[in-house]
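A.B. asks: Sharing a model that was predicted from the sequence below.
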Amino acid sequence: MSTATMTEVWHPNVGTFVAQTRKMLINGQWVNAQSGKTFPTYDPATGKVLAHVTEGDKADIDLAVQAARKAFEQGPWRKMTSSDRGKVIWRLADLLESNLEEFAQLESLDNGKPLTIARAADVPLAVDLFRYMAGWTTKIEGNTIPISVPYMPGAEFLAYTRREPVGVVGQIIPWNFPLLMAAWKLGPALAVGCTIVMKPAEQTPLSALRLGELIIEAGFPEGVVNIVPGYGETAGAALASHPDVDKVAFTGSTEVGKLILNAASGNLKKVTLELGGKSPSLVLSDADLESGIPGVASAIFFNHGQCCAAGSRLYVEKSIFDTVVAGVADQAKQITLGPGMNPSTQMGPLVSVEQQQRVLEYLESGLAEGAEAVAGGKRRGDQGYFVEPTVLVKTTSTMKVIQEEIFGPVVCAEPFQDVDEVIQKANNNIYGLAAAVWTKDLSKAHRIAARLRAGTVWINCHNIFDAALPFGGYKQSGWGREMGHEALDLYTEVKSVCAKLA
Ligand code: NAP
Ligand code: MG
């Protein structure tokens, strides 16, 4: 493992953007917090303050919800044709694409991820998501339903359904893909005509705030999108419990997901949750190891393991266990760690000192319980929040490292004897977000896919995301789906209209 040190020169707009205290977006205006408070966001490669951001709390959430309510009930948004609504969303995608480099840099600086990844994945995926959802605006359809009404013989009816926007939506997002998570949430809500109050993660508020500028430029009417940065316990909790919010959509930890659910119960607002995971990679003895070994390594090390779908449990058929583990350990050792802004960096720092501490505690606990690190296993350097890409062996099913989500670059590898055993192991977890099967026998792969209790199953690949492909969790990995037309359904109410014909 080498360490990269040189960093890319900042895009001039990035320098200007971080130099000023960033305000929040309420009712189309950039404003300070009612309290006047601000909070810092850090560059995780150095631990130094990157920018100051206005700190929203309950009072600001109240104003933002008021603005969103007014925009929903009285603004031009609801009256716009669906085609015009699509054009505005498409314009946002175009603006984002033309500012790709600036967004990639902001994302890399605020989150720590490699600039090369932000350029290739985070920003283009967000652009694509907005375009996909822009196309849906004109296709939000109900049904015409033949009804029989047995207690009114001979009567005739015209019955149909309308899919209407659920209303004012609160959206709370995490720090692992800050811009992309904003897009996953905003895209479907905007496509169906909702209005929004979004709270970005305290660690990574910058790209959402810059996106707010493009939202104004794209021509969204005032109040349609409001962005209130702040802390989860204050701004987030106020949004989740707000009596005038019709739905809350959350991505983050399962623990906080349960708090959101409780907070939402006051007015029974609709809830969707995209939560944690402990996704298994299953490698069968007939797998193509040339693509399989780098594949399962990237499944965990991509985005430093800070991926809800990270392949953090690696189950390998016994006959090839040593070969695969040696191969993955070798991949781990070759990963270049460094600041995200260095063009040769393959893995950046974790997002925060808390996250680094959390991952190191898991490593300590695993090693104390008898696991062994065949690659990595500790912190890297004394500046920034780096943790070595780690491969643990000799884990057992009761250890915390195999049961709980670490959300860092740590994979636990265990051997298995046969398919029934590995399916039992794979499903033996409170989470059910994703899973991957590596084998050349596609019939076997599809049979295994059907038996895995997970919202996504990848075959001979991992971390494939697309705006058209629904994503979400079984079990404690969540409620509902992101992306695809499934996401749109969850931002609409179905209204049945029934007319008696004379
Ligand atoms: P988190 O605490 O669940 O935070 C996610 C979002 O919820 C943030 O915007 C957060 O605000 C907000 N929040 C926190 N407490 C809240 C509350 N009581 N009411 C309303 N909103 C609240 O996640 P985290 O602390 O950033 O990361 C912890 C763990 O969550 C990770 O290690 C990982 O296991 C999991 N995680 C999962 C995903 C995923 O994609 N499924 C993504 C990120 C993290 P603040 O920013 O102020 O905390
Ligand atoms: Mg930051």
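C.D. replies: Okay, I see it. Predicted, not measured: the structure shown is a model, and the values here were computed from it. Ligands and ions are numbered 1, 2, ... in the order given.
A.B. asks: Find the residue closest to the residue nearest in space to the middle of the chain in space, skipping its chain neighbours.
C.D. replies: In the chain, the centroid-proximal residue (Cα atoms, centre = their mean) is Met181; its distance is 4.5 Å. Of all residues not flanking Met181 in the chain, Ile173 sits nearest, at 4.1 Å (Cβ to Cβ, 6 or more residues apart in numbering). All C-beta spots, glycine's among them, are computed from the backbone N, C-alpha and C.
A.B. asks: That neighbour against Leu179, yeah?
C.D. replies: No. Taking contacts as Cβ atoms under 8 Å, Ile173 lies outside contact range of Leu179: 9.7 Å.
A.B. asks: Overlap of the contact sets of those two?
C.D. replies: Counting by Cβ atoms under 8 Å, 6 or more residues apart in numbering, the shared contacts of Ile173 and Leu179 are Ala208.
A.B. asks: which element follows the helix or strand harbouring Tyr160 toward the C-terminus?
C.D. replies: Taking DSSP states H and E as the definition, one finds Tyr160 inside strand 156-165. Next along the chain after strand 156-165, taking DSSP H and E as the criterion, comes strand 168-172.
A.B. asks: That next one - contacts with which helices or strands?
C.D. replies: Strand 168-172 sits against helix 58-73, helix 178-192, strand 195-199, helix 237-241, strand 247-251, with contacts defined as 3 or more Cβ pairs under 8 Å, 6 or more residues apart in numbering; DSSP states H and E.
A.B. asks: do the first one and ligand 1 meet at all?
C.D. replies: What that stands for is helix 58-73. No. Helix 58-73 lies out of reach of ligand 1 by Cβ under 6 Å from any ligand atom, never closer than 10.5 Å.
A.B. asks: Which residues belonging to the following helix or strand past that helix are considered buried?
C.D. replies: Note on helix 58-73: by DSSP H and E, the next helix or strand toward the C-terminus is helix 82-98. Using 16 or more other Cβ atoms under 10 Å as the test for burial, helix 82-98 gives 85-93, 95-97.
A.B. asks: Go through these and name the one nearest ligand 1.
C.D. replies: Lowest distance from ligand 1 to those (Cβ to the nearest ligand atom) belongs to Leu96, with 20.8 Å.
A.B. asks: Contacts only, for the closest one.
C.D. replies: Per Cβ under 8 Å, 6+ apart, neighbours of Leu96: 103, 123, 126-127, 130, 211, 214.
A.B. asks: Sort out which of the residues you listed are in helices and list them.
C.D. replies: 103, 123, 126-127, 130, 211, 214 (DSSP state H).
A.B. asks: Most neighbours out of those, which is it?
C.D. replies: In terms of neighbours by other Cβ atoms under 10 Å, the ones in helices among the contacts of Leu96 top out with Ala126 at 30 neighbours.
A.B. asks: Distance of that residue relative to ligand 1?
C.D. replies: Counting by Cβ to the nearest ligand atom, to the nearest Å, the gap between Ala126 and ligand 1 amounts to 15 Å.
A.B. asks: going forward can the numbers begin at 43, since that is how I track them
C.D. replies: OK, 43 is where the count begins now, so the last one is Ala168.
A.B. asks: Is it correct that that residue is in contact with Lys227?
C.D. replies: No. Judged on Cβ under 8 Å, Ala168 makes no contact with Lys227 at a distance of 10.9 Å.
A.B. asks: Could you give the number of residues near the residue nearest to Met223?
C.D. replies: With neighbours defined by other Cβ under 10 Å, the count for Ile215 comes to 28.
A.B. asks: do Gln213 as well
C.D. replies: Using other Cβ under 10 Å, Gln213 has 27 neighbouring residues.
A.B. asks: Now do the same contact list for it.
C.D. replies: Residues near Gln213 by Cβ under 8 Å, 6+ apart: 224, 227-228, 231, 238-241, 290-292.
A.B. asks: ok, which pair from the residues you listed is furthest apart?
C.D. replies: Ala224 and Val290 (15.3 Å; Cβ to Cβ).
A.B. asks: Alongside ligand 1, which residues does the stretch 93-242 of the chain contribute?
C.D. replies: 214-218, 241.
A.B. asks: Widest-spaced pair of those?
C.D. replies: Greatest spatial distance in these: Asn218 and Lys241, 15.4 Å, computed using Cβ to Cβ.
A.B. asks: So between those two, which is more surrounded?
C.D. replies: Comparing Asn218 with Lys241 by other Cβ under 10 Å, the one with more neighbours is Lys241, at 31 against 24.
A.B. asks: where does the protein have low pLDDT?
C.D. replies: For the chain, the stretches with pLDDT under 70 are 43-50.
A.B. asks: Near Thr437, how many other residues are there?
C.D. replies: Residues within reach of Thr437, counting by other Cβ under 10 Å, total 22.
A.B. asks: Same question for Gly154.
C.D. replies: Counted by other Cβ under 10 Å, the residues lying close to Gly154 total 32.
A.B. asks: how about it, what does it touch?
C.D. replies: Contacts of Gly154 by Cβ under 8 Å, 6+ apart are 85-87, 346, 381-382, 390-393, 426-427.
A.B. asks: do that again at 7 Å, thanks
C.D. replies: Contact analysis of Gly154 by Cβ atoms under 7 Å, 6 or more residues apart in numbering lists 86-87, 382, 390-393.
A.B. asks: same deal with Thr83?
C.D. replies: Taking Cβ under 7 Å, 6+ apart, one finds 92-93, 95, 152, 245-248 in contact with Thr83.
A.B. asks: As TSV, those residues with secondary structure, distance to Gly474 and neighbour count would be great.
C.D. replies: Below are the contacts of Thr83 laid out as TSV (DSSP: H, G, I helix; E, B strand; the rest coil; distance: Cβ to Cβ, whole Å; neighbours: other Cβ atoms under 10 Å):
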residue	secondary structure	distance to Gly474	neighbour count
Leu92	strand	36	19
Ala93	strand	37	23
Val95	strand	35	23
Asp152	helix	30	28
Gln245	coil	27	19
Thr246	coil	27	31
Pro247	coil	30	28
Leu248	helix	33	25
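A.B. asks: Save the residues you listed as CSV, and put in distance to ligand 2 too.
C.D. replies: Shown next, in CSV, are these (distance: Cβ to the ion, whole Å):
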residue, distance to ligand 2
Leu92, 6
Ala93, 8
Val95, 10
Asp152, 4
Gln245, 5
Thr246, 5
Pro247, 8
Leu248, 7
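A.B. asks: Excluding covalently adjacent residues, which one is nearest to Lys360?
C.D. replies: Excluding the flanking residues, the one nearest Lys360 by Cβ to Cβ, 6+ apart is Pro457, at 4.5 Å.
A.B. asks: Now do the same for that neighbour: helix, strand or coil?
C.D. replies: Assigned with DSSP: H, G, I helix; E, B strand; the rest coil, Pro457 falls in the strand class.
A.B. asks: try Phe262
C.D. replies: coil.
A.B. asks: burial measure for it, as a count.
C.D. replies: By other Cβ under 10 Å, the residues close to Phe262 number 26.
A.B. asks: residues in contact with the closest residue to it other than its chain neighbours?
C.D. replies: Nearest residue to Phe262 in three dimensions, chain neighbours excluded: Val130, at 5.7 Å (Cβ to Cβ, 6+ apart). Applying Cβ under 7 Å, 6+ apart to Val130 gives the contacts 260-262.
A.B. asks: Gly334 now?
C.D. replies: 325, 480.
A.B. asks: Pull out the buried positions in the helix or strand containing it.
C.D. replies: Using DSSP H and E, Gly334 maps to helix 331-343. Under the neighbour-count criterion of 16+ other Cβ under 10 Å, helix 331-343 has 331, 334-335, 337-343 buried.
A.B. asks: Export the contacts of Gly154 as CSV, with columns for neighbour count, distance to Asn471 and secondary structure.
C.D. replies: Shown next, in CSV, are those (neighbours: other Cβ atoms under 10 Å; distance: Cβ to Cβ, whole Å; DSSP: H, G, I helix; E, B strand; the rest coil):
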residue, neighbour count, distance to Asn471, secondary structure
Pro86, 30, 29, coil
Ala87, 25, 33, coil
Gly382, 29, 31, coil
Gly390, 29, 28, coil
Pro391, 29, 28, coil
Leu392, 27, 23, coil
Val393, 27, 24, coil
